[in-house]
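[1] A structural model of the following input is requested.
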Amino acid sequence: MKPKRQKLDQKSLKALQPTEKIVELWDTEIKGLVFRMYPKGAKTYSFVYRMGGRGHNSKWMKLGSFESLPLIRARERAIECRAKVNAGIDPKAELEKKKEAGLTVADVANRFMSEYAAAKLKPATIRNYKGVIQNYIGPKLGKVPVKDLDTAAIEQWHSAETKNKMQINLALRVLSSICTRAEKWNLIARGSNPCRHVERNKETPRKRDIKETELEAIGKAVRELEGACNAWAIAAIKVVALCAGRVSEVLSLRWDRDLFLDEGYAMIPEHKTSGEVGAKLLELHPAAVEIIKALPRQDGNPWVFPGGKEGEHLTKGGMYHTWVKVRNLAGVPDLRQHDFRSFAASEGLNQGISLQIAATVLGHKDSRTTERHYQKPRRRATTEAAEKIFAPVAKAFRLAHEKGDEDF
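    Predicted coordinates:
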């Protein structure tokens, strides 16, 4: 079907009313200038051209909306574009190149989140990335053109953060991922990621075990707060402490999908490494099973631990408020709920449970993760080991105590 051609007129175009189909009018005054009106009422001007003559496909280049671009200006832009085509310059490609040259770090970060993160990352990771971009990357680097971003600027930004050193390290990793995608999108040169040579802050692994006296204090605090705090949060705190699951895994348990209470376990379909190892089996202590069985169910809500919003589960933030009250009442304000996973590995080591079994209980695909991050010998065990190791030295120095003599 041949395009409808007519001399475009500002007044006539303004009076046009939407129809069920797209209205397309080609200007007889300026070759390639096209007016379009869409069923919902939007009106635009475009320039249509071919590079290399009739044997090549037509290209459409939007010039602007009818509301923001008067017809006389649309014709001027179309004339400029026609001159470039005649000179062998692709006006659309040229415009896109100029746009890319002016892209800022914030622009690329937004594209990274909408195109890459949304498709590849898990919801919790996306939330963390958004927070890092908003709080650390955007305020200082957001307006910098991505092509001008260099190692020196990133080092200055990274070293200026002296309080939250671990968070700025995370921000650097996120920025590096953004720059890697910028390379693949040809927004910066391949192999030019400016984050690659920036030295990270040294991070000291957290070494926090839970003492038996602290366990008693936590248990007492939980009992005292029952009835005064969110019942679902109290129940969730108990279950987290009685299994080796992450907080997010416990809070995401569903009645209709995940629980096998008679067998004493749950299946977690979505977790930290689910993309690599599939669903995770979560062992539940008999006491945890009884807690879950005793929980009432909310009509229409599939979650074991329902949240404040209808149809949603309890959030980590909602649970955290209750946990803060528990740990403060127990006198352990630095204790995290995640420390119960460390406790599980340490207690397993203390009781002679193999590393492989402990890794399975914790849901680690690699037992080296269990060994590196979680297993910490108990103070009592190391004390006894030290006594045995250095007993010959003490005996030689005539320093062995009476009880030690019995062990020599």
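[2] average pLDDT across stretch 27-36?
    Computed over stretch 27-36, the mean pLDDT rounds to 94.
[3] Contacts for it next, please.
    3, 5-8, 13, 22-26, 43-49, 60, 63, 66, 74-75, 78-79, 81-82 (CB atoms under 8 Å, 6 or more residues apart in numbering). Just so you know, the C-beta spots here come from the backbone N, C-alpha and C atoms, and that holds for glycine as well.
[4] do you know how far residue 234 is from residue 291?
    Plainly put, residue 234 is 10 Å away from residue 291 if you go by CB to CB, to the nearest Å.
[5] who's more crowded, these two?
    Counted by other CB atoms under 10 Å, residue 234 and residue 291 do not tie: residue 234 has more neighbours, with 22 against 17.
[6] I'd say that one and residue 226 touch.
    Yes: with contact defined as CB atoms under 8 Å, residue 234 reaches residue 226; the gap is 5.7 Å.
[7] Around the residue nearest to residue 344 when sequence neighbours are not counted, count how many other residues there are.
    Nearest residue to residue 344 in three dimensions, chain neighbours excluded: residue 244, at 4.4 Å (CB to CB, 6 or more residues apart in numbering). Burial of residue 244 is recorded as 24 neighbouring residues (other CB under 10 Å).
[8] do residue 10 as well
    A count of nearby residues for residue 10, using other CB under 10 Å, gives 12.
[9] now do the same end-to-end measure for stretch 179-198.
    13 Å (CA to CA, to the nearest Å).
[10] Could you say which helix or strand holds the residue nearest to residue 160 when sequence neighbours are not counted?
    Closest residue in space to residue 160, ignoring its immediate chain neighbours: residue 140 at 7.7 Å, by CB to CB, 6+ apart. For residue 140, the host element (DSSP states H and E) is helix 138-141.
[11] same check, this time on residue 45
    strand 43-49.
[12] just residue 266 next, same as before
    strand 265-268.
[13] Residue 81 now?
    Using DSSP H and E, residue 81 falls in helix 71-86.
[14] Could you list the buried residues of that helix?
    Residues of helix 71-86 classed as buried by neighbour count (16 or more other CB atoms under 10 Å): 71, 74-75, 77-78, 81-82, 85.
[15] Also compute the angle for that helix relative to strand 43-49, please.
    Here the directions of helix 71-86 and strand 43-49 differ by 20 degrees (axes from the mean of the first three to the mean of the last three CA atoms, to 10 degrees).
[16] Show residues contacting helix 71-86.
    So helix 71-86 is contacted by 8-10, 13, 27, 29-33, 45, 47, 49-51, 61, 63-64, 69, 90-91, 94 (CB under 8 Å, 6+ apart).
[17] Filter the residues you listed down to the buried ones.
    Buried among the contacts of helix 71-86 by 16+ other CB under 10 Å: 8, 13, 27, 30, 32-33, 45, 47, 49, 61, 63, 69, 90-91.
[18] now, which of those lie within helices?
    13, 91 (DSSP state H).
[19] Now compare the buried ones among the contacts of helix 71-86 and name the two farthest from each other.
    Taking CB to CB as the measure, the buried ones among the contacts of helix 71-86 span a maximum distance of 27.7 Å, between 13 and 90.
[20] Indicate each strand paired with the strand holding residue 45 and its parallel or antiparallel sense.
    Applying DSSP bridges to the sheet, strand 43-49 is found paired with strand 33-37 (antiparallel), strand 59-65 (antiparallel).
[21] Please produce TSV containing the ones you listed, extended by distance to residue 305.
    Formatted as TSV, the strands paired with strand 43-49 follow (distance: least, CB to CB, whole Å):
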stretch	distance to residue 305
strand 33-37	52
strand 59-65	49
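[22] In contact with residue 305, which residues are there?
    By CB under 8 Å, 6+ apart, the neighbours of residue 305 are 232-233, 235-236, 250-251, 253, 295, 313-314, 319.
[23] Just the pLDDT at it, thanks.
    Listed pLDDT for residue 305 reads 93.
[24] State the distance from it to residue 48.
    58 Å.
[25] Same question for residue 307.
    53 Å.
[26] Compare those two and say which is more crowded by neighbours.
    When neighbours are counted by other CB under 10 Å, residue 307 and residue 48 differ, and residue 307 comes out ahead with 20 against 16.
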